[in-house]
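Novice: Take this sequence and fold it.
(one chain, ligands or ions: 1)
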Amino acid sequence: MLKFIRIDMTAKKVTVEETPEKYLALGGRALTSQFILDEVPAECHPLGAKNKLIITPGLLSGTNAPSSGRLSIGGKSPLTGGIKEANAGGITSQKIANLGIKAIVIEGMADSGTYIARVTADNVELIPADDLAGKGTYELTSILLERYNPKAGIICIGPAGEMKMLSAGITNNDMEGNSSRYAGRGGLGAVMGSKGLKAIVVEADKTFDAPVKDKERFKAAAKKFAQILIQHPVSGDGLPKYGTNVLMNIINEAGGLPTRNFSTGRFDAANEVGGEKLAEVATARGGKATHACHPGCVIRCSNVYPMPDGKVCSPIEYETAWGFGPNLDISDLDVVAKLNYICNDVGLDTIEVAGTLGVLMEAGALQFGDGQGAITALEEVAKGTPLGRIIGAGAAVAGKVYGVTRVPTVKGQSIPAYDPRSVRGNGVTYATTTMGADHTAGYAVTANILKVGGFVDPTKDGGQIELSRNLQIATAAVDATGLCLFVAFAVLDNPEGLPTIVEMLNAQYGTELTVDDVTALGQQILKNEREFNAKAGFTKADDRLPEFFYEEELAPHNTKFDLKEKLDEVFNF
Ligand code: SF4
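Specialist: Reported below is the predicted structural model:
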């Protein structure tokens, strides 16, 4: 029996049920989006008692399928007002799967107090924890590891989530106990905070022992999949050497690196905050240029960056380095690391904070290039001051407060590290995904820039709609498996990639799925999400980029985004 756990924060009651038949074949984003469509009223206030949070491992999580430990968290987003699935690495997904748990649902809301939940092999309990209120995620995680189990997975929020800030994320720890693996986007940390739940402690001895029907068949498929990943130049060489931040110089060279709040596509000092430099500094200081965020990842795109103050920021991802670097005209990696660390500790999504600080700089409330000014402003968040709350509310709110017209958001969520005018496939994804601007929802950088899975000229219109559509469908399916999205490079290039994923699923569950079934699953996920968003009031007008992307040319290619009229074709399937 796979357990389906409900924690009712209103009644302070835990119920452990058998997983409903309807959800047995689902995992990750497939389960979170179906469940939210089924049980959360689309028009409800995202910070009210009717919203629910669902936490679930992907279908392959908890097995030794390589890079399969992603944890999906779903709910109605307070940032976008639509459906949200945010997923994270870290060690907790594998632990939940090894406890035979399909999902943990948090519902209702406590009228006062702070609580934690403790999940073990034979018990789930809700524990009053007022002593932990207001703690940063690093201190909180270290207290809980010491109090309960040094090998536990700790899912938690920081003060930003407790203050119900719209950019608050939910984190969990890596193998070294760093609480820095974020389901960051869309403000789900505020949903957890609204319910009065500060953390979930998950204790499991096993990592790779989730039930598998045909172990030999599974083992062979997992081994083959690991080879497919290792043999690809991106997942087998580029990412393990320099991490995701290897993209800094590549995107800069392509003229798609948003600089000074999306004013130009090149940053002169990109190399100073890029992956090669990061690897050099991290290694020289005794850190690591390559690192796995959970056991069994063969790609190891993460890093461990020791900061001058003796603390460690792990990892610095490309999108964060871009957001606190070129986007703010900052070329000091230590400043980037410090801003990243503060976000991790207070519990905020780094991409949203980067977008917000860019808007504040556009407004003149902060100065472009002023790293110390950015740090000082970000430190206001934990204090809950008016400026801190504006920063925690995200770029769209900051734009309104300061009267800024150049606000790079879609559905209220900040656009990440690829300018839609010169990486147009990503522009289509930002505009149309159900999630609000999200590069991971249909990562067209593959064919636009990296020439993975073919080539579609990033500055021309042809092929972008189809590219984004196919990637959005495939990504939704991958997000259901618990596989890290970075397997996509090899899967797109190797015809045996997708069939091998299907083979692992069939061996694990005793099913007879085909590649077409997986595509159909991706389509169904998107349809469910669009149905929820339509019920929540979204229309075609929400599937658009901000005005300035259609009107301002972006150097160096001097291109505008002119696919506006075709955007609605993405969902012709
Ligand atoms: S590739 Fe990177 S993000 Fe993905 S699972 Fe491995 S370490 Fe984590």
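
Novice: which residue packs closest to the closest residue to the ligand within the stretch 401-550 of the chain, ignoring adjacent ones?
Specialist: Per C-beta to the nearest ligand atom, the residue of the stretch 401-550 of the chain with the smallest distance to the ligand is residue 484, at 3.1 Å. For the C-beta atoms, the positions are set from N, CA and C on the backbone; glycine is no exception. Leaving aside its chain neighbours, residue 484 sits nearest to residue 67 (4.3 Å; criterion: C-beta to C-beta, 6 or more residues apart in numbering).

Novice: Setting the sequence-adjacent residues aside, check what's closest to whichever residue of the stretch 51-200 of the chain sits closest to the ligand.
Specialist: Proximity of the stretch 51-200 of the chain to the ligand (C-beta to the nearest ligand atom) peaks at residue 89, 3.7 Å away. Residue nearest to residue 89 in three dimensions, not counting chain neighbours: residue 293, with 3.4 Å by C-beta to C-beta, 6+ apart.

Novice: so what's that neighbour up against?
Specialist: In this structure, residue 293 makes contact with 69, 89-90, 174-175, 181, 302, 315, judged by C-beta atoms under 8 Å, 6 or more residues apart in numbering.

Novice: who wins for neighbours among those residues?
Specialist: With neighbours set by other C-beta atoms under 10 Å, the maximum within the contacts of residue 293 is found at residue 69, which has 33 neighbours.

Novice: Quick check: closest non-adjacent residue to that one.
Specialist: Closest residue to residue 69 apart from its sequence neighbours, by C-beta to C-beta, 6+ apart: residue 294 at 3.7 Å.

Novice: And residue 551, by the same measure?
Specialist: Leaving aside its sequence neighbours, residue 551 is closest to residue 560 (6.8 Å, by C-beta to C-beta, 6+ apart).

Novice: Can you give me every residue that contacts the residue nearest to residue 69?
Specialist: For residue 294, the set of contacting residues under the criterion of C-beta under 8 Å, 6+ apart consists of 69, 89-91, 93-94, 174-175, 181.

Novice: Would you point out the most distant pair within those residues?
Specialist: Set against one another by C-beta to C-beta, the contacts of residue 294 have their most distant pair in 93 and 175, with a gap of 13.0 Å.

Novice: re earlier: any idea how many residues pack against the residue nearest to residue 551?
Specialist: Counted by other C-beta under 10 Å, the residues lying close to residue 560 total 15.

Novice: The biggest helix by length in the chain: what's the following helix or strand?
Specialist: Determined from DSSP state H, the single longest helix within the chain is helix 515-535. On the C-terminal side of helix 515-535, the nearest following helix or strand under DSSP states H and E is helix 548-551.

Novice: My guess is the residue of the stretch 401-550 of the chain closest to the ligand contacts residue 70. True?
Specialist: Yes - contact status for residue 484 versus residue 70: in contact at 5.9 Å, counting by C-beta atoms under 8 Å.

Novice: what residues are shared contacts of those two?
Specialist: Any residue near both residue 484 and residue 70 by C-beta under 8 Å, 6+ apart counts here, and that gives residue 89.

Novice: Comparing these two, which shows the higher neighbour count?
Specialist: When residue 484 and residue 70 are compared for neighbours, residue 70 comes out ahead with 30 against 24, by other C-beta under 10 Å.

Novice: how about the more buried one, what does it touch?
Specialist: Contacts of residue 70 were listed using C-beta under 8 Å, 6+ apart, and they are 28, 57-58, 61, 87-89, 93, 479, 482-484.

Novice: Let's see that with 6 Å instead.
Specialist: Under the criterion of C-beta atoms under 6 Å, 6 or more residues apart in numbering, the contact list for residue 70 reads 58, 87, 93, 482, 484.

Novice: Now it. Its backbone dihedrals?
Specialist: Backbone geometry at residue 70, expressed as degrees, to the nearest 10, gives phi -80, psi 140.

Novice: how close does it sit to residue 105?
Specialist: Distance from residue 70 to residue 105, counting by C-beta to C-beta, to the nearest Å: 18 Å.

Novice: picking up where we left off before, who wins for most neighbours among the contacts of residue 70?
Specialist: If you count neighbours using other C-beta under 10 Å, the busiest of the contacts of residue 70 is residue 93, which has 31 neighbours.

Novice: Let me see the contact set for that residue.
Specialist: When contacts are counted by C-beta under 6 Å, 6+ apart, residue 93 touches 57, 61, 69-71.

Novice: try it again with 8 Å
Specialist: By C-beta under 8 Å, 6+ apart, the neighbours of residue 93 are 57-58, 61-62, 69-71, 153, 294, 482.

Novice: Now for residue 131, how many residues are close by?
Specialist: Applying other C-beta under 10 Å, we find 9 residues neighbouring residue 131.

Novice: can you pull the pLDDT of it?
Specialist: On the pLDDT scale, residue 131 is placed at 98.

Novice: And for residue 1?
Specialist: Turning to residue 1, the model gives it a pLDDT of 79.

Novice: ok so, going back, among the contacts of residue 70, name the ones in strands.
Specialist: Among the contacts of residue 70, the ones falling in strands (DSSP state E) are residue 87.

Novice: biggest separation within the contacts of residue 70, which pair?
Specialist: Longest distance between any two of these is 10.8 Å, between 93 and 484; criterion C-beta to C-beta.

Novice: Between the two, which contacts overlap?
Specialist: Here residue 93 and residue 484 have 69-70 as joint contacts, going by C-beta under 8 Å, 6+ apart.

Novice: Could you report the distance from residue 367 to residue 374?
Specialist: Counting by C-beta to C-beta, the separation of residue 367 from residue 374 is 9 Å.

Novice: got it, and residue 555?
Specialist: 24 Å.

Novice: out of these two, which sits in the busier spot?
Specialist: Using other C-beta under 10 Å, the more surrounded residue of residue 555 and residue 374 is residue 374, with 28 against 14.

Novice: Are we agreed that the more buried one is in a strand?
Specialist: No - Residue 374 sits outside any strand when classified using DSSP: H, G, I helix; E, B strand; the rest coil, being helix.

Novice: Who's the closest spatial neighbour of it, skipping the chain neighbours?
Specialist: Beyond its immediate neighbours in the sequence, the residue positioned closest to residue 374 (C-beta to C-beta, 6+ apart) is residue 357, lying 5.5 Å away.
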